[in-house]
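# build me a model:
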Amino acid sequence: MGLIFLKKSKVGMFFLISISLISCKSYQKIGGENSNYIPYYLKVYEADSLFLLKNYSSAYEKYDSLFKYYEPINMPLYFEFENYLKAGLLSNKKKNFKNEFKMIVTNYGYTYKNIEKDTLMQILALRFKKSKKDIEKWQKQYSSKLDTSYRYQLTLMNFNDQKVRNQKPLNWDEVAKIDKQNDSILRQMINKVGYPNFKNVGSFRKLNESERKVDLGVEVLLNHFTSSEESFKFYNQILPTLIKKGECLPKDYAHLIDRYYTKNSQDSFFYFITFNYDFKNNPSLVRVINKRRKKNGLPSIEYEKIWFEERLMKM
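Residues are numbered from 1 along each chain as shown. Alright, predicted model coming up:
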């Protein structure tokens, strides 16, 4: 009788609808079969814009709400999980952050040196009385989860990619040979381990002092694979799905597509590579491009200009 009454009453209907909406928003993990990270990327840009404007309280609320439903990625240059902690500190939130501080190391590979050089991270280390020894212990936990052979292979691929292109005179036959070799290796690794990301190859930070230069970027390699129609077709088919699952960053796909279009004498599709293009006299084009970008988890052109000036130019 009680259930029937609830169904008939407005309060009961509201309650049932609310429960239904909450249950639909289940926690999404990177690589999950039904995960959709497109909304995640877009919310990160919203929170990041607030962070850039030093509206730390509002940025924190957006990050906090987002991480209730998504496993954080901590994308390079945006570092949303790091900024979540910082926004909380800067806006005097009461959250403890003890577990999150540990995750910065065990999940995202921050080292003692990274923390030592960052005033806000130092505050957290002191608050939780974590020494260099504690952080190095966490760092080992992080390293143990990675496929270090994949990590090394990716760095070597990037090294060979640039080495052959910096030779004088440039030997295009050798360039084609290296591109084909790298393409083959990357496909094998994707099929065997998965697309390279922070969960399998780790971050760009060194795992230890003996590790030399680390170059885990994929976008440059993808650019160079566009010479082959078959290779382009392969990556063009798999990357959108991987982006949706949170396993591939949208920028990787944007580089691939824009490079392919411009290489074939067509206008850029996302205008990700050619973002210095003057859009002032073409607002209709901006609307079209932003729609494409949003669908693929990329920031708007307007936001990207701010992001580039504020972040990349300072590196």
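
# now what about the top helix by length along the chain, what contacts it?
Taking DSSP state H as the criterion, the chain has its longest helix at helix 172-192. Under the contact criterion CB atoms under 8 Å, 6 or more residues apart in numbering, helix 172-192 has outside partners 150, 153-154, 157, 160-161, 164-165, 167, 196, 218, 221, 224-225, 227-228, 231, 234, 238. For the C-beta atoms, the positions are set from N, CA and C on the backbone; glycine is no exception.

# where are the low-confidence patches of this structure?
Residues of the chain that meet the criterion pLDDT under 70 lie in 1-25, 209-210, 273-276, 309-315.

# could you list every residue that touches the residue nearest the centre of the chain?
Closest residue to the average C-alpha location of the chain: Met75 at 3.1 Å, with CA atoms, centre = their mean. Met75 makes contacts with 41, 44, 249, as judged by CB under 8 Å, 6+ apart.

# re earlier: just the buried subset of the contacts of helix 172-192, written out for ChimeraX, thanks.
Selection of the buried residues among those in ChimeraX, burial being defined by 16 or more other CB atoms under 10 Å:
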select :150,153,154,157,160,161,164,165,196,218,221,224,225,227,231,234,238
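
# restricted to helices, list the contacts of helix 172-192.
Applying DSSP H to the contacts of helix 172-192, the entries found in helices are 150, 153-154, 157, 160-161, 164-165, 221, 224-225, 231, 234, 238.

# returning to what we had before: restricting to C-alpha, output the longest helix of the chain in CSV.
Provided in CSV are the C-alpha atoms of helix 172-192 (Å, rounded to 0.1, in the frame of the first residue of the first chain):
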residue,chain,number,x,y,z
TRP,A,172,63.0,10.4,-47.4
ASP,A,173,63.4,6.7,-48.0
GLU,A,174,64.8,6.3,-44.5
VAL,A,175,62.0,8.6,-43.1
ALA,A,176,59.4,6.3,-44.7
LYS,A,177,61.1,3.2,-43.3
ILE,A,178,61.1,4.6,-39.8
ASP,A,179,57.5,5.7,-40.0
LYS,A,180,56.4,2.3,-41.2
GLN,A,181,58.4,0.6,-38.4
ASN,A,182,56.9,2.9,-35.7
ASP,A,183,53.4,2.4,-37.1
SER,A,184,53.8,-1.3,-36.9
ILE,A,185,55.1,-1.3,-33.4
LEU,A,186,52.4,1.1,-32.1
ARG,A,187,49.7,-1.1,-33.6
GLN,A,188,51.1,-4.2,-32.0
MET,A,189,51.3,-2.5,-28.6
ILE,A,190,47.8,-1.1,-28.9
ASN,A,191,46.5,-4.6,-29.6
LYS,A,192,48.5,-6.2,-26.9
